[in-house]
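Q: Would you be able to build a 3D model of this:
(4 chains)
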2 protein chains.
Amino acid sequence: MYKSSTRSFPVYDSLRQAIIEQALKPGVKLPEDSIGETFGVSRTTVRNALVRLDVEGLVDLQPNRGASVAEPTIEEAYDIFEMRQCLEREVIQRLCKMDPKPIVKTLKEHLKEEEKYLGKDSTRSIRLAGEFHILLAELTGSKILANYVNEIVSRCSLILARFAQVHSAECGVEEHAELIAALADGDAERANACMHSHLHGVQDRALLNPEDAQSDNVAAILSRYRPTKTKP
Amino acid sequence: MYKSSTRSFPVYDSLRQAIIEQALKPGVKLPEDSIGETFGVSRTTVRNALVRLDVEGLVDLQPNRGASVAEPTIEEAYDIFEMRQCLEREVIQRLCKMDPKPIVKTLKEHLKEEEKYLGKDSTRSIRLAGEFHILLAELTGSKILANYVNEIVSRCSLILARFAQVHSAECGVEEHAELIAALADGDAERANACMHSHLHGVQDRALLNPEDAQSDNVAAILSRYRPTKTKP
DNA sequence: GATACAGTAATTGAATACAATCTGTAAACA
DNA sequence: TGTTTACAGATTGTATTCAATTACTGTATC
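A: A predicted model of the protein is given here:
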C-alpha cells in the first residue's frame, strides 16, 4: 500500500521495525524534532510517517500532544487477538482449497530459516515467526487479506510488548511445522485446529496474567511495587 | 482511529464522503493546490488528509504524480468483495451469540430511516444502506472489526462507482429486513445465508458485466458508446 | 500527418518559519 | 502546607517558501 521513493518511507519503516521488535516500547514519546534529527529530515517528513503509523494503529497521534507508541488496553488486546483468529482462519480455509505442493514448499523453506536462528538471534527469530504468518496470508494470493494480516500481526507484537512477561517464546517453531504438515496432507480440519490452538497459545502467553488483567489498573500494578503493606 | 480537532479532518471527511457518494469518480485527479483553496487551508493540511485516504485505499497517492481517486481493478474488486464476505460472516456469527433484543431494536430503527428515504433521496438512501452494514459491525462491540467493515464498505462503494451500470440498486431494503428477522429468531444459519446472498447480489450487480470484465478495457467500454457498428 | 524534441507551465517534495498549544516549575496566595 | 496562578521552555499545527519533477504545448523534422 505504501509507495516508497519518498523520503518519509525510511522513517516510517525504521519506526515500524523498532516498534515491532520492541526497541520502542508502548507509551514511549516520539517527538518529531528528535526523530527528524536522527534521520536527517525535516519534521514535515517525520509527521508524514507518523500519520501512516497512526492509521495502522502502531502509533497514537493526539492533537497538540504529539505521537507516542500505542498502548493497547487489555480489552483492545483481546479484540485484536479475536480478529486475528478470524483472519488467519480465513487464510487456512483458502489455502486448503489450493494446490498444497508449491505452498508447502515455500513454507518449508521459511521454516528452515526459522530453525536456523532459533536460540541464536532472538530478534531475528521473533521477526521470522511473525513473517511466517504473513507469508501464509500472502500465499492465498489475496492482497487485502495479506495486508490485514500484516497489520494485525504487528499490533500483536505491540500487545506482547505491553503485557507479556517473556517475549522470546512468542511462536513455537514446532507448531509451525505441525501446521505445514496438516496443509501438506490437505487436512483442513487439522490445519484449522493447529492454527487456532497456536494463536490461542500466543494469546495466553501474552494476556494470561490475572494480576493486572484490567486495563491500566494502576493500583494493581503499583501494589507490586509498594515497599510495605499499608494495612498492618 | 482518526482524532479530529485538526484542520485536516474536514478535508479528509469531505473527500471521503464525496468519493463514497461517487461525486468524485475513480481516476479523478485531486490536486493539493485547488483542494486547499476550496477549504481555505494550506497544501500541508490537504496532504495530511490525502495520506490517510491513501492508507485506507480510497485514494491513490503516487510519488511526484499526486493523488487521484483510486481505481480498483476488477481483480482487486473480487478480492475486496471476498474479504467483505469474510468480515461480515464474522459479524453475523458474533451477533448470533449475543442477546438479539437490543440488537434487533437498534437495527429496526435504522431500517425505518432507510425506508423513509427510499425512492426519494437516492444519495441518502445509498449512504444509509452502507451504514446498515457498519451498524451491524458496531453492534458486535468489536472496534477493530467495525473499523475493517467500515473501510471495506467504503471501498465497495468505489467499486460500484467504477463498474456498476446502475448505482441506486446497491442494497435491497427488504434484504436488510429479512436479515433482521433471522437475527430476531436467533437463526444463525438463516442469518448467515441472508447476508451471504445479499452481498453476493451486490457483487453481481457491480461486477457481472462480461463485456468489460477485464480491468481497464477501454475498448470494451467505448464500444457501448459507438454510434454505428464497425463491422456491418 | 505523425513523431521527436525543447522550453515553459503546473504540480509535488521537503525544509523553514511562525503561531498556537501544552507542560512543568516556581512564585503568590489562602 | 496545599492550591492556584503566571511564566518560560518545549512541542506541535499550519502556512509559506524554494527546489525538483512531471505534464503540456508548440515547433521542427521526417
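Q: Could you measure from the closest residue to DNA strand D within chain A over to residue A:81?
A: Using Cβ to the nearest atom of the strand, the point where chain A gets nearest to DNA strand D is residue A:66, with a distance of 2.5 Å. Yep, even glycine has a C-beta here, placed from its N, CA and C like the rest. According to Cβ to Cβ, to the nearest Å, residue A:66 and residue A:81 sit 28 Å apart.
Q: okay, those two: which has more neighbours?
A: residue A:81 (21 against 16; other Cβ atoms under 10 Å in any protein chain shown).
Q: that older thread, now the residue of chain A closest to DNA strand D: how far from residue A:154?
A: Distance from residue A:66 to residue A:154, by Cβ to Cβ: 21 Å.
Q: again, but for residue A:103
A: Distance, residue A:103 to residue A:154, using Cβ to Cβ: 23 Å.
Q: Could you do residue A:77 as well?
A: According to Cβ to Cβ, residue A:77 and residue A:154 sit 14 Å apart.
Q: Is the residue of chain A closest to DNA strand D bridged to anything, and to what?
A: As for beta bridges, residue A:66 partners with residue A:62 under DSSP bridges.
Q: give me the low-pLDDT residue ranges for chain A?
A: A:1, A:3-5, A:166-170, A:209-232 (pLDDT under 70).
Q: For it, just list every one of the strands.
A: A:29-30, A:59-62, A:66-69 (DSSP state E).
Q: Extract the C-alpha set from the last one and format it as CSV.
A: Read that as strand A:66-69. Extracted in CSV, the C-alpha atoms of strand A:66-69 (Å, rounded to 0.1, in the frame of the first residue of the first chain):
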residue,chain,number,x,y,z
GLY,A,66,2.3,14.5,19.6
ALA,A,67,2.9,10.9,18.9
SER,A,68,3.8,8.0,21.1
VAL,A,69,4.0,4.3,20.6
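Q: Other residues contacting that strand?
A: Residues outside strand A:66-69 that contact it (Cβ atoms under 8 Å, 6 or more residues apart in numbering or on different chains) are A:19, A:24-32, A:50, A:53-54, A:58-61, A:158.
Q: Of these, which belong to helices?
A: Among those, DSSP state H puts A:19, A:32, A:50, A:53, A:54, A:158 in helices.
Q: got CSV for those residues, with neighbour count and distance to chain B too?
A: CSV is the format used below for the ones in helices among the contacts of strand A:66-69 (neighbours: other Cβ atoms under 10 Å in any protein chain shown; distance: Cβ to the nearest Cβ, whole Å):
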residue, neighbour count, distance to chain B
A:19, 24, 16
A:32, 17, 13
A:50, 25, 10
A:53, 23, 10
A:54, 21, 7
A:158, 25, 13
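Q: Among the residues you listed, which one sits closest to DNA strand C?
A: Out of those, the member with the shortest distance to DNA strand C (by Cβ to the nearest atom of the strand) is residue A:32, at 9.2 Å.
Q: Can you verify my assumption that the closest one contacts residue A:49?
A: No - using Cβ atoms under 8 Å, residue A:32 makes no contact with residue A:49, being 9.7 Å away.
Q: residue ranges for the helices of chain A, please.
A: A:8-20, A:32-39, A:43-55, A:74-95, A:100-117, A:122-139, A:143-163, A:173-184, A:188-207, A:218-223.
Q: I would like the residues contacting the first one, please.
A: For helix A:8-20, contacts defined as Cβ under 8 Å, 6+ apart pick out A:2, A:24, A:30, A:35, A:39, A:41, A:45-46, A:48-50, A:52-53, A:58-59, A:69, A:127, A:130, A:154, A:157-158.
Q: and if you look at the second one?
A: Counting by Cβ under 8 Å, 6+ apart, helix A:32-39 makes contact with A:10, A:11, A:14, A:15, A:42, A:43, A:45, A:46, A:47, A:50, A:66, A:67, all of which sit outside it.
Q: likewise the third one?
A: Residues outside helix A:43-55 that contact it (Cβ under 8 Å, 6+ apart) are A:2, A:6-9, A:11-12, A:15-16, A:19, A:30, A:32-33, A:35-36, A:39, A:59-61, A:67, B:1-2, B:44, B:47-48, B:51-52, B:55-56.
Q: Buried residues, it. List them.
A: When burial is assessed from 16 or more other Cβ atoms under 10 Å in any protein chain shown, helix A:43-55 yields the following buried residues: A:45, A:46, A:47, A:48, A:49, A:50, A:51, A:52, A:53, A:54, A:55.
Q: Contact residues of chain A facing chain B?
A: A:1, A:3-6, A:44, A:47-48, A:51-52, A:54-57, A:61-63, A:76, A:79-80, A:82-83, A:86-87, A:90, A:142-145, A:148, A:152 (Cβ under 8 Å from any Cβ of the partner chain).
Q: right, and residue A:80 touches residue A:72 too?
A: Yes - using Cβ under 8 Å, residue A:80 is in contact with residue A:72, at 6.8 Å.
Q: which neighbours do the two share?
A: A:155, A:159.
Q: got JSON lines for the buried residues of helix A:43-55, with distance to DNA strand C too?
A: Formatted as JSON lines, these follow (distance: Cβ to the nearest atom of the strand, whole Å):
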{"residue": "A:45", "distance to DNA strand C": "4"}
{"residue": "A:46", "distance to DNA strand C": "8"}
{"residue": "A:47", "distance to DNA strand C": "9"}
{"residue": "A:48", "distance to DNA strand C": "7"}
{"residue": "A:49", "distance to DNA strand C": "10"}
{"residue": "A:50", "distance to DNA strand C": "13"}
{"residue": "A:51", "distance to DNA strand C": "13"}
{"residue": "A:52", "distance to DNA strand C": "12"}
{"residue": "A:53", "distance to DNA strand C": "16"}
{"residue": "A:54", "distance to DNA strand C": "17"}
{"residue": "A:55", "distance to DNA strand C": "17"}
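Q: What is the nearest of those residues to residue A:180?
A: Residue A:180 lies nearest to residue A:53 out of those, by Cβ to Cβ, at 32.2 Å.
Q: domain parsing for chain A?
A: A:8-69, A:74-212 (automatic domain parsing).
Q: now stretch A:41-59: how far from the chain's centre is it?
A: Here stretch A:41-59 is found 18 Å from its chain centre; the criterion is Cα atoms, centre = their mean, to the nearest Å.
Q: Please put the alpha-carbon coordinates of it into PDB.
A: Extracted C-alpha coordinates of stretch A:41-59, given in PDB (Å, rounded to 0.1, in the frame of the first residue of the first chain):
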ATOM      1  CA  VAL A  41      15.000  15.100   7.500                       C
ATOM      2  CA  SER A  42      12.500  17.800   8.400                       C
ATOM      3  CA  ARG A  43       9.500  17.500  10.700                       C
ATOM      4  CA  THR A  44       7.200  17.600   7.700                       C
ATOM      5  CA  THR A  45       8.700  14.300   6.600                       C
ATOM      6  CA  VAL A  46       8.600  12.700  10.000                       C
ATOM      7  CA  ARG A  47       5.000  13.700  10.500                       C
ATOM      8  CA  ASN A  48       4.000  12.000   7.300                       C
ATOM      9  CA  ALA A  49       5.400   8.800   8.600                       C
ATOM     10  CA  LEU A  50       3.700   9.200  12.000                       C
ATOM     11  CA  VAL A  51       0.300   9.700  10.300                       C
ATOM     12  CA  ARG A  52       0.700   6.400   8.500                       C
ATOM     13  CA  LEU A  53       1.700   4.600  11.600                       C
ATOM     14  CA  ASP A  54      -1.300   6.200  13.400                       C
ATOM     15  CA  VAL A  55      -3.700   4.900  10.800                       C
ATOM     16  CA  GLU A  56      -2.200   1.400  11.200                       C
ATOM     17  CA  GLY A  57      -2.600   1.500  14.900                       C
ATOM     18  CA  LEU A  58       1.000   1.300  15.900                       C
ATOM     19  CA  VAL A  59       1.300   4.900  17.000                       C
END
